[in-house]
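Q: Return a 3D structure for these sequence lines:
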Amino acid sequence: MCRKIDSSQFLQVYQGLGSLYENVRFHILSFQECQLLLQREIADFHIIIMELSSEDDRDTWFPLISDLSSTYPHLKIIFILTGNAEHNFYYLNQIPFTYLIPENQAENLLQTGIAKAVRELDYYKSFRPLVRISAEPALLPAVYFSTDDLTNKGKRGCHIHYPDGKTEYTRLSLKNILSKLPANFVQVHKSYVVNMRYFGCYTQKPRPRGNFYDEYITLTGAGYPQEIYIPVGPKYRNFILDFIMDKYTCSFLPDPEGKEAEE
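A: Model prediction:
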């Protein structure tokens, strides 16, 4: 995907991908064409390779990529950066599951990035289906969902915890809830789905007896008087650690020392 297909520097690289991955269909799209596909609800994206330069208007590409990330919770995005893209790093670091590749290494690293994305998609689908979602607006502000302390008959459904401290009950199960939420909502335990926009840190607490530890993530900035500790189940541990690494680090490219975009 690029601003203008006829001026793309990597058109030949993209065209050669089809012969390397026979089970993957590649399509070359402009930003505008991709936006039209989203509006028509006929697209099915798994990996996005996007050419991004300092000339690309972030008011165009960033909302488009944000929409894609929200619509496809599994989406892997590979950016090929041309020219001086440093002013885009602040925005790039807000996008989960992102790989950054400088243009002078695209020919060597693009195949590595795609192979890594395919492996992670295979792993991801064991936790969430690789399908497009239509988010429920009422659920998006939630900090986390839990099945603890259910008192209704059969203990079905879950509790929705909001930033103002209010809690609501819904008949939806955690599994059904997850299918209606974007990528920043992640199941970390059989009883918890959390909004990772409130992620604070990953920590351990020793058990009262023995040398064993329980693992937690903390949620902060949600209006609660103190940090919220959410347990991490053994089944989800590796997935959560991979999610944190993908969300808060950039593959294939050094961290630009935390510099934000110059306004």
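Q: Only C-alpha atoms from now on, for both contacts and neighbour counts.
A: Noted.
Q: what separates residue 110 from residue 30, distance-wise?
A: 19 Å (C-alpha to C-alpha, to the nearest Å).
Q: who's more crowded, these two?
A: A count of neighbours by other C-alpha atoms under 10 Å puts residue 110 above the other of residue 110 and residue 30, at 24 against 17.
Q: and that one, that one's in a helix?
A: Yes. Residue state for residue 110 (DSSP: H, G, I helix; E, B strand; the rest coil) corresponds to a helix.
Q: just checking, it touches residue 101?
A: Yes. At 7.4 Å, residue 110 counts as touching residue 101 under the criterion of C-alpha atoms under 8 Å.
Q: now the strands for the stretch 101-250 of the chain?
A: 144-146, 158-161, 167-170, 185-189, 192-195, 199-206, 213-219, 228-231 (DSSP state E, counting those that start in this stretch).
Q: Of all those strands, which one comes closest to residue 40?
A: Each of those has some distance to residue 40 by C-alpha to C-alpha; the shortest is strand 185-189, at 25.1 Å.
Q: pull the CA atoms of that closest one into CSV?
A: Written as CSV, here are the backbone C-alpha positions of strand 185-189 (Å, rounded to 0.1, in the frame of the first residue of the first chain):
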residue,chain,number,x,y,z
PHE,A,185,-8.5,-5.7,24.0
VAL,A,186,-6.7,-8.9,24.9
GLN,A,187,-7.6,-12.0,27.0
VAL,A,188,-5.0,-12.5,29.7
HIS,A,189,-6.8,-15.1,31.8
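Q: Which residues does that strand contact?
A: By C-alpha atoms under 8 Å, 6 or more residues apart in numbering, the residues outside strand 185-189 that reach it are 178, 193-196, 231-237, 240.
Q: Please check those and keep the buried ones.
A: Buried subset of these (neighbour count, 16 or more other C-alpha atoms under 10 Å): 178, 193-196, 231-233, 240.
Q: And the residues you listed, which is closest to residue 51?
A: residue 196 (27.2 Å).
Q: ok, and the closest non-adjacent residue to that closest one?
A: Residue nearest to residue 196 in three dimensions, not counting chain neighbours: residue 184, with 5.2 Å by C-alpha to C-alpha, 6 or more residues apart in numbering.
Q: can you tell me the distance between the two ends of stretch 67-86?
A: End-to-end distance for stretch 67-86, by C-alpha to C-alpha: 22 Å.
Q: Distance from that stretch to the middle of the chain?
A: Relative to its chain's centre, stretch 67-86 lies at 10 Å (C-alpha atoms, centre = their mean, to the nearest Å).
Q: quick one: low-confidence ranges for the stretch 151-263 of the chain?
A: 151-154, 246-263 (pLDDT under 70).
Q: Now stretch 69-81: average pLDDT?
A: Stretch 69-81 carries an average pLDDT of 85.
Q: No further queries at this time; thank you.
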